[in-house]
Structure formats: C-alpha cells, structure tokens
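**Student:** Okay, sequence plus prediction incoming.
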Amino acid sequence: MRVKSYEMSIQDFIQKVEHEFDQITPGTLTPESKIKDHFEWDSINALVFIALVNVEYDVEINAEDLQQSETVADLYSVVETRKQGAA
Amino acid sequence: MGLFSIKGCRISGLSACVPSGVRYNAEYEWISPAERESLIKTTGVEQCRVAGAGTTSVDLAFASANQLINALGWKTSDIQLLVLVTQTGDYLMPASSNILQDRLGLPKDCMAIDINSGCSGYINGLAVASALVSSGKISKALLLTAEIPSRNTSPTDKSTFPLFGDAAAATALEYDAESAGLWFNIQSDGKGYDTIMIPDGGMRNPVNQAQSFAMLQSAPGIVRNRLHLALDGMKVFNFSLREVIPNIRSLLIAAGIEQQQIDYFVLHQANKLIIDSIRKKMGETPEKFPLSIKHFGNTSSASIPLTMVTEMRGKLTTQPHRLVLSGFGVGLSWGSCVQETDSLCIPELLEI
C-alpha cells in the first residue's frame, strides 16, 4: 500500500473537518489556521470532532487534546501520534 | 463470566408506557436558539416525555405491565417473578418491585427484586430474569424497566436536562424447553463510577443542608447541585465507542453468528451521535439501527424495549427476527444480548 504524503493526509483531514462542521466554509481551513478563529470547542463541537476522528481514524482523543491544540496542524498531529501509538 | 448463554427461556411480548406530557428542546430557553439547534442535530433529541407531579416510575411500570398482562391474556396468579430495573424508584426503601407485586395483584409466592442499573439495565435485567426462568421452576416472569430522570436532572444543565426522558417498559418471559435461548456478553468497569453519577443522597454522602442543595456552575450552561445527575459527556462518548463494538463482536463469535445474519441492532438510545458512530464503525446501514431518541430522548433502561415498541412493532409482531440488543453507560456497565424473536405480542405504545 502506498503511504500518503503528509501534505495529502492533512488535506484529507481538513476536508473531513470542513465537511462535518457546517459553520466552517469549505476551502477556508489551512494547516496553519488557528482553531479559535473558526469555531469554539463548546461541548457539542468537541463531541462531534471526537466522533469524527474515532470513526475516520479509529483513535480516541479527549478534551485536553482539543484544548492544547492551537492550529489545525496541531490537531492533526494529535490524531497521527495516537494512530501510530495504537498501531 | 462475561459471556454466557441461557436456554429454556423465551420472550413472549413487550410493552412500553410514556407519560403524556411533552417537553420540546426547541423551546429550551436556558441555551441560545443556535445552541438548541446544534444540540438537537447532534443528540437527535427533539422532544422528551415528562411525568406530571405525583406520577412515578412505579406508576409507569404498573401501567405498562398491566397492558402487557392483558394483551397476552396471562393470569396474574401464574406470574412467579417480577424483576424491576430502575434508578429512580419510589423510595430509598422498600424496593419498588415489592410495591408493584401488590399493585399488579401478583401472588405472594412471586419473587420480586429491584436491580439498580441504568443504560445497560435492560440487558442486566434480561440476564437475571431469563436465568431464573431457565431453572424451569418459574413458568412466567415480568421484567420491568422504569425511569423518570426528569426528577433528578437540573433544568439549568444543558448536558443532561434536554437529553433525558421518562418511560417504562415491560417484557414477558416464559419457560420454554425448546427455546433457542439467549446469548449474553455483560461487562463492567467501576473505575468509571463517577462518569455518570448523583453524588449526594446515598449513604457515602448523605443529604447535607450546607452542600447538597448549592447550585454550582461547573462549565458554561451547566448549573446543578449534588442531588442532580452529573454526566461527563466526553468520557461517556469515548467509553461507548471503545467498548460496545468489541463486546458485540465477542458475543457474536461465542454465539456462532455472523454480523450479516443480524436483522437489527437495537442500541440503548444514549444519543444519535453515539449510535451513528458505532454503526459507521461496524459498517452497517441506518435501517439496521432503529432510533426512537428523536421523540423520547434517553430513557435509560427503558430505551431498548421502547424503541422495539415504537419503531419495530409491525415487524416484530409478524415475523421472526434475529436481534442484537446492547446497553451501555452508568456504572460503568455495558452488555449485549443476541436473541431470536418470533411473532411477539406487542400492544401499541401506552400514554398515561
């Protein structure tokens, strides 16, 4: 199996996030985007995000992971690290 | 003994009862209209039933049991076991099952017990009741599940109040030597005891004038006291997604049944996001995961039979089906059951 480049993988991730959250206009997120400029981690958003990564990447993340991630790339790196840890 | 099978018992019928009072989440003024919309979309709960003042779990369970006894044409004198699953009984003591034994006119040689179990309660109750029936000494038994969480959730807690609804259900079990039986996989993890709990009012933290009633804000939109139900939504969510699927997979392997042979997966109606996520991870279609949460919310131990009555009645009363039932939550406790049903007696949803 061909391993996806980081660039492709994070773009995949961004597309999934933009698709899941109606309040984010598709095409506006970049790896450098600050999460708080786009939306709040209120309890519902947090649950929806946790569900998304659990279903799509089969990894478990928690409230602290969300709070500690400043940018989209930070968030993606939590998912990647968890994924490698689980493998 | 997480995994076990129980032979010699069959399920003959089901009924469910809800109070007629309705509360709509679109009118939940504690949070902003935008937040209401996202809450409804994510949890799937549009409305809940609420018992009026003076109506209790015992009242709902009584109505549901009575309806089922009449629909089956059972004689109350033949019922030798009553198992009531509830975490909102009428009194701290005695057990509400004793009150129901008398109110239903069941004989004095009917064993009546309460089981303190919530979201996984229907599965726990089914295991206990069917195991006792399988002894062959009890020919007819009733499993009742009844909850009125509207009494112990804080109206100013957006993480609980809009999600939980009141309901009761009754299940009729009979001894049947020919029955294919039921397979169970029941697990627990008390390390997570504080994930869903009411901290005060028991004997560890008796009601305390100074502390129990103080309304405190633990997060924005979450204001409650120590006699209210507290729930850590994210922990519950991660727990459910971690434990339920392996539990069901092990159950099916033990029972020698392929996932594709299951007609329906009836899951505890915790919230729509949890059920949808579990379903997607299992690679199943929405048709195989019936949902009643839109109309009734999370009704704890009543949610599985309530869903079978309101969403599956036409099918379950006429055709044979192979079902997986799965409950998960407070305890933490979780369990699944696989069973074959055929032409169940299911009266229409009762409203009182």
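**Tutor:** Nice, I can see it.
**Student:** make it CA atoms for all contacts and neighbour counts henceforth
**Tutor:** Noted.
**Student:** And what about the residue of chain A found nearest chain B, helix, strand or coil?
**Tutor:** Here chain A gets closest to chain B at one residue, A:V55, 5.8 Å apart by Cα to the nearest Cα. Three states are possible here, and by DSSP: H, G, I helix; E, B strand; the rest coil the one that applies to A:V55 is helix.
**Student:** That one touches B:K280, doesn't it?
**Tutor:** Yes: the pair formed by A:V55 and B:K280 meets the contact definition of Cα atoms under 8 Å, at 6.8 Å.
**Student:** Poorly predicted segments of the chain, please.
**Tutor:** With no chain named, the answer covers chain A. Across chain A, residues meeting the criterion (pLDDT under 70) sit at A:1-4, A:86-87.
**Student:** nope, chain B please
**Tutor:** The model of chain B has pLDDT under 70 over residues B:1.
**Student:** Give me every residue in it lying close to chain A.
**Tutor:** For chain B, the contact set with chain A under Cα under 8 Å from any Cα of the partner chain comprises B:38-39, B:42, B:233-235, B:237-238, B:241, B:273-274, B:277-278, B:280-281.
**Student:** List the buried residues of the helix or strand B:N66 falls within.
**Tutor:** In this assignment (DSSP states H and E), B:N66 forms part of helix B:57-72. The neighbour-count criterion (16 or more other Cα atoms under 10 Å in any protein chain shown) identifies B:57-69, B:72 as the buried residues of helix B:57-72.
**Student:** What segments of the stretch 51-200 of chain B are helices?
**Tutor:** With DSSP state H, counting those that start in this stretch as the criterion, the stretch 51-200 of chain B has helices at B:57-72, B:96-103, B:121-133.
**Student:** Just the CA trace of the shortest one, in PDB.
**Tutor:** Looking back up the chat, that one is helix B:96-103. Output in PDB follows, covering the C-alpha atoms of helix B:96-103 (Å, rounded to 0.1, in the frame of the first residue of the first chain):
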ATOM      1  CA  SER B  96     -40.300  -0.600  44.200                       C
ATOM      2  CA  SER B  97     -40.800  -4.200  42.900                       C
ATOM      3  CA  ASN B  98     -42.500  -5.200  46.100                       C
ATOM      4  CA  ILE B  99     -45.000  -2.300  45.700                       C
ATOM      5  CA  LEU B 100     -45.600  -3.400  42.100                       C
ATOM      6  CA  GLN B 101     -46.100  -7.100  43.100                       C
ATOM      7  CA  ASP B 102     -49.000  -6.000  45.300                       C
ATOM      8  CA  ARG B 103     -50.400  -3.400  42.900                       C
END
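**Student:** in it, what's buried?
**Tutor:** Here helix B:96-103 shows B:S96, B:S97, B:N98, B:L100, B:Q101 as buried, counting by 16+ other Cα under 10 Å.
**Student:** ok, the first one touching B:G89?
**Tutor:** Yes: taking Cα under 8 Å as the contact criterion, B:S96 and B:G89 are neighbours in contact, 5.7 Å apart.
**Student:** what touches both of those two?
**Tutor:** B:V58 (Cα atoms under 8 Å, 6 or more residues apart in numbering or on different chains).
**Student:** can you give me the helices in chain A?
**Tutor:** Secondary structure of chain A (DSSP state H): helices located at A:6-20, A:43-57, A:63-68, A:72-86.
**Student:** residue contacts, the one residue sitting closest to the centre of chain B?
**Tutor:** Computing the C-alpha centroid of chain B and ranking residues by Cα atoms, centre = their mean puts B:S301 first, at 1.6 Å. The contact partners of B:S301, taken as Cα under 8 Å, 6+ apart, are B:85-86, B:117-122, B:145-147, B:268, B:327.
**Student:** where along the stretch 101-250 of chain B do the strands fall?
**Tutor:** Counting by DSSP state E, counting those that start in this stretch, the stretch 101-250 of chain B forms strands over residues B:111-115, B:140-147, B:167-175, B:182-188, B:196-197, B:216-219, B:222-224, B:230-231, given from the N-terminal end onward.
**Student:** got the CA positions of the fourth one in CSV?
**Tutor:** Once non-C-alpha atoms are left out, strand B:182-188 reads as follows in CSV (Å, rounded to 0.1, in the frame of the first residue of the first chain):
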residue,chain,number,x,y,z
LEU,B,182,-30.3,-16.1,24.6
TRP,B,183,-26.6,-15.3,24.5
PHE,B,184,-25.2,-12.5,26.7
ASN,B,185,-22.0,-10.6,27.0
ILE,B,186,-22.1,-8.4,30.1
GLN,B,187,-19.2,-6.4,31.4
SER,B,188,-18.4,-3.7,33.9
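**Student:** ok, that strand: who's next to it in the sheet?
**Tutor:** For strand B:182-188, sheet partners with direction are given as strand B:3-6 (antiparallel), strand B:333-342 (antiparallel), following DSSP bridges.
**Student:** list the buried ones in the next helix or strand after the first one?
**Tutor:** The element immediately downstream of strand B:3-6 (helix or strand, assigned by DSSP H and E) is strand B:9-18. Neighbour-count burial for strand B:9-18, counted by 16+ other Cα under 10 Å, picks out B:C9, B:R10, B:I11, B:S12, B:G13, B:L14, B:S15, B:A16, B:C17, B:V18.
**Student:** The helix or strand following strand B:9-18: partners in the sheet, and parallel or antiparallel?
**Tutor:** From strand B:9-18 onward toward the C-terminus, using DSSP H and E, the following helix or strand is strand B:21-24. Sheet neighbours of strand B:21-24, with direction, are listed as strand B:47-50 (antiparallel) (DSSP bridges).
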